[in-house]
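S.K.: Build the 3D model from these lines:
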Amino acid sequence: MEIIIGNKNLTLDEFVEVARNKAKVVLSDEAVEKINKSRNVVDTFVENEDVVYGITTGFGKFSNVKISKEDSDLLQKNLIITHAVGAGNPFPEEVVRGMLLLRINNLSKGYSGARLIVINTLIDMLNKGVVPHIPEKGSLGASGDLAPLSHMTLPMIGLGLAYYNGELMPGAEAMKKAGIKTVELSSKEGLSLINGTQAMTSVGALAVYDALMLSKEADIIAALSVESHNGITNAYDPRIQEVRPHNGQIKTAKNLLQLLADSKMTTKQGEIRVQDAYSLRCLPQIHGASKDAINYVKEKVEIEINAVTDNPIIFGETMEGISGGNFHGQPMALAFDFLGIALAEFANVSERRIERLVNPALSELPAFLTEHGGLNSGFMIVQYSAASLVSENKVLAHPASVDSIPSSANQEDHVSMGTIAARKAAEILKNSRRVLAMELMCACQGIDLRGKKDLGKGTAPVYDIVRNVVPMLKEDRELYEDINKCEQLLIDGSIIKASEKAAGEILA
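M.R.: Next comes the predicted model:
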């Protein structure tokens, strides 16, 4: 698969194809023309020694220091080597590939003034598998993701570290092995490469893509829990949703009725009980609210992956370089904080459904889902682990965007902390997926212990693929591998594929 950059907006699906599935990238003719025009404007500024931020001046608090045209190239190199001060573990390969793609897309708009050779070098790195070593911490999320993007840039100028064929090595060596020439940065180019939100947006875009998948999986797993409790389906009646018409609520109720169609393990109001507990009865309202939040974040991400986040922005028609604040991560910081909260709620309510399954006072099933309790502990500590992850999510869900520490001698006196928000959302997603994997395993056990009858059109094939990899628990065994196997079914989308094949599209 080949993704063309520069003739249309990049979609979230295309972003994932490149970042995760290693699709190739090529520039359109339109993009080449825009890049060259923008570069001519920068060259004119330098030649005329016009005062334009970051081209003929220093950076941040040094914006009042004029730089001669003789020193303009050295200025850009110094910018990169002094700003590459990240900390912590390296970003995963898919995040780094996403950063490279987003920077290419940003520069291809023709508002940044970088030379075509610079953009082509980034494309070669992406297509030939040079993955810069980028520490995940150190960005304030305003003035852009300066530290991470500087680490991204180091290998292309023959410095820093990079992975090639899975091996970490000096950046210059990785470039040489891949057959890519390093470049010497010219005026404006260092700034064009690091002034932007591409680190936070790459992390967050992958998280929101996975969150959309998890929102479907949460409905499937919850439907199995409904069956394990002989749950009441009246609460999912479309007429209830229509009088409170939130999109996510309507979608979730529709999903549940579709998944549970023809099930012999659900009940109607009054057959066994009048109503279920909130974690079952209010599924459309709880899951639906998270769906609406995730789709809001998706909308913001699809704006940002196609945005120009540089400073100054070059307007060739009027021969201007205008300083603004498009590098500021606040729109993404708030969105990714919201994403983290939405994802945390999937785990929050999932853990409550697990508790209902393992607690005999709430389920009328054998305690901790084991027929020989005492000698066997069954799923007792599964709920403990789920509770731990949910508690950790609550800590991580504290918004990063409400914090700000001024930088650059108070020239940059409000920052977004958006990269922290994105990283937290990604971690919450992992925790929440693990909790839902635990619920999936517990729900199937509950169905067996309840005396399995015909399951729903969309839940039956999911039960089958779980039982293909995880047998019913009759006597205690190591459970972590069972949870791993259930989690893998979520990671690779197996339960969605199986359910949709049998029952039709599940709405995210």
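S.K.: Look up how far His133 lies from the residue nearest the centre of the chain.
M.R.: The centroid of the chain falls nearest to Ala207 when counting by Cα atoms, centre = their mean (1.4 Å). In this structure, Ala207 and His133 are 21 Å apart, going by Cβ to Cβ, to the nearest Å. For every residue, glycine as well, the C-beta is placed using N, CA and C.
S.K.: quick one: average pLDDT of stretch 230-249?
M.R.: Average pLDDT, stretch 230-249: 98.
S.K.: Can you pull out the residues in contact with it?
M.R.: For stretch 230-249, the external contacting residues (Cβ atoms under 8 Å, 6 or more residues apart in numbering) are 225-226, 250, 253-254, 256-257, 260, 265-269, 271-273, 275-276, 280-285, 287-292, 295, 450.
S.K.: Could you do stretch 486-506 as well?
M.R.: 213-214, 216-217, 219-221, 255, 258-259, 261, 433-434, 436-438, 440-441, 456-462, 464-466, 469-470.
S.K.: out of these, which are inside helices?
M.R.: 213-214, 216-217, 219-221, 255, 258-259, 433-434, 436-438, 440-441, 460-462, 464-466, 469 (DSSP state H).
S.K.: picking that back up, right, and the residue nearest to the centre of the chain touches Ser432 too?
M.R.: No. Taking contacts as Cβ atoms under 8 Å, Ala207 lies outside contact range of Ser432: 10.8 Å.
S.K.: what touches both of the two?
M.R.: Joint contacts of Ala207 and Ser432 (Cβ under 8 Å, 6+ apart) are Leu343.
S.K.: How far does stretch 75-89 stretch from one end to the other?
M.R.: Its first and final residues considered, stretch 75-89 spans 29 Å by Cα to Cα, to the nearest Å.
S.K.: May I see the buried residues of that stretch?
M.R.: 75-77, 79-80, 83-84, 86 (16 or more other Cβ atoms under 10 Å).
S.K.: got it, and stretch 251-271?
M.R.: Neighbour-count burial for stretch 251-271 [16+ other Cβ under 10 Å]: 251-261, 263, 265-267.
S.K.: For ChimeraX, write the selection for the buried entries among the contacts of stretch 486-506.
M.R.: Selecting only the buried entries of the contacts of stretch 486-506 in ChimeraX, with 16+ other Cβ under 10 Å as the criterion:
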select :213,214,216,217,219,220,221,255,258,259,261,433,434,436,437,438,440,441,456,457,458,459,460,461,462,465,466,470
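S.K.: ok, and the closest non-adjacent residue to Met441?
M.R.: Leaving aside its chain neighbours, Met441 sits nearest to Cys486 (4.9 Å; criterion: Cβ to Cβ, 6 or more residues apart in numbering).
S.K.: the inter-axis angle of the helix or strand containing the one you found versus helix 460-469?
M.R.: According to DSSP states H and E, Cys486 maps onto helix 480-491. Taking axes from the mean of the first three to the mean of the last three Cα atoms, to 10 degrees, helix 480-491 and helix 460-469 form an angle of 140 degrees between their directions.
S.K.: now helix 480-491, how far from the chain's geometric center?
M.R.: Remark: helix 480-491 is offset 20 Å from the chain centroid, using Cα atoms, centre = their mean, to the nearest Å.
S.K.: can you give me the offset of stretch 260-277 from its chain's centre?
M.R.: 36 Å.
S.K.: Use 48 as the first number from now on
M.R.: Right, with 48 as the first residue, what we last looked at is stretch 307-324.
S.K.: ok, back up a step: same question for the helix holding Cys533, mean pLDDT?
M.R.: So the average pLDDT for helix 527-538 ends up being 98.
S.K.: Which positions within it qualify as buried?
M.R.: Going by 16+ other Cβ under 10 Å, helix 527-538 has these buried residues: 529-530, 532-534, 536-537.
S.K.: so can I have CSV of those showing distance to Ala189?
M.R.: Below are the buried residues of helix 527-538 laid out as CSV (distance: Cβ to Cβ, whole Å):
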residue, distance to Ala189
Asp529, 45
Ile530, 39
Lys532, 42
Cys533, 40
Glu534, 36
Leu536, 40
Leu537, 35
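S.K.: With just CA atoms, put the helix holding Cys533 into PDB.
M.R.: This file holds the C-alpha atoms of helix 527-538, laid out as PDB (Å, rounded to 0.1, in the frame of the first residue of the first chain):
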ATOM      1  CA  TYR A 527      -2.100 -15.100  33.700                       C
ATOM      2  CA  GLU A 528      -1.600 -16.900  30.400                       C
ATOM      3  CA  ASP A 529      -5.300 -17.300  30.000                       C
ATOM      4  CA  ILE A 530      -5.700 -13.500  30.500                       C
ATOM      5  CA  ASN A 531      -2.900 -12.900  28.000                       C
ATOM      6  CA  LYS A 532      -4.700 -15.000  25.400                       C
ATOM      7  CA  CYS A 533      -7.900 -13.200  26.000                       C
ATOM      8  CA  GLU A 534      -6.100  -9.900  25.700                       C
ATOM      9  CA  GLN A 535      -4.600 -10.900  22.400                       C
ATOM     10  CA  LEU A 536      -8.100 -11.500  21.000                       C
ATOM     11  CA  LEU A 537      -8.700  -7.800  21.800                       C
ATOM     12  CA  ILE A 538      -5.400  -6.600  20.400                       C
END
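S.K.: Following it in sequence, what is the next regular element?
M.R.: With DSSP H and E, the next secondary element past helix 527-538 is helix 541-550.
S.K.: ok and that following helix relative to helix 527-538, angle-wise?
M.R.: Using the same axes, to 10 degrees: helix 541-550 against helix 527-538 is 60 degrees.
S.K.: Can you give me the buried ones in helix 541-550?
M.R.: Quick answer for helix 541-550 (16+ other Cβ under 10 Å): 541-543, 545-547, 549-550.
S.K.: Tell me where the chain has strands.
M.R.: Taking DSSP state E, the strands of the chain run over residues 49-52, 71-74, 134-137, 177-179, 182-184, 208-211, 214-217, 360-362, 367-369.
S.K.: Tell me which other helices or strands the second one touches.
M.R.: Meaning strand 71-74. On a contact count with 3 or more Cβ pairs under 8 Å, 6 or more residues apart in numbering; DSSP states H and E, strand 71-74 meets strand 49-52, helix 140-154, helix 163-175.
S.K.: again, only using 10 Å
M.R.: Packing contacts for strand 71-74, counted by 3 or more Cβ pairs under 10 Å, 6 or more residues apart in numbering; DSSP states H and E, involve strand 49-52, helix 59-66, helix 140-154, helix 163-175.
S.K.: Give me whichever of these is most buried.
M.R.: Ranked by mean neighbour count under mean count of other Cβ atoms under 10 Å, the helices and strands packed on strand 71-74 are led by helix 140-154, which reaches a mean of 25.
S.K.: can you map out the helices along the stretch 198-347 of the chain?
M.R.: For the stretch 198-347 of the chain, the helices defined by DSSP state H, counting those that start in this stretch cover 218-224, 236-241, 245-275, 285-289, 294-306, 325-328, 330-351.
S.K.: can you tell which of the ones you listed is closest to Leu193?
M.R.: helix 236-241 (5.4 Å; Cβ to Cβ).
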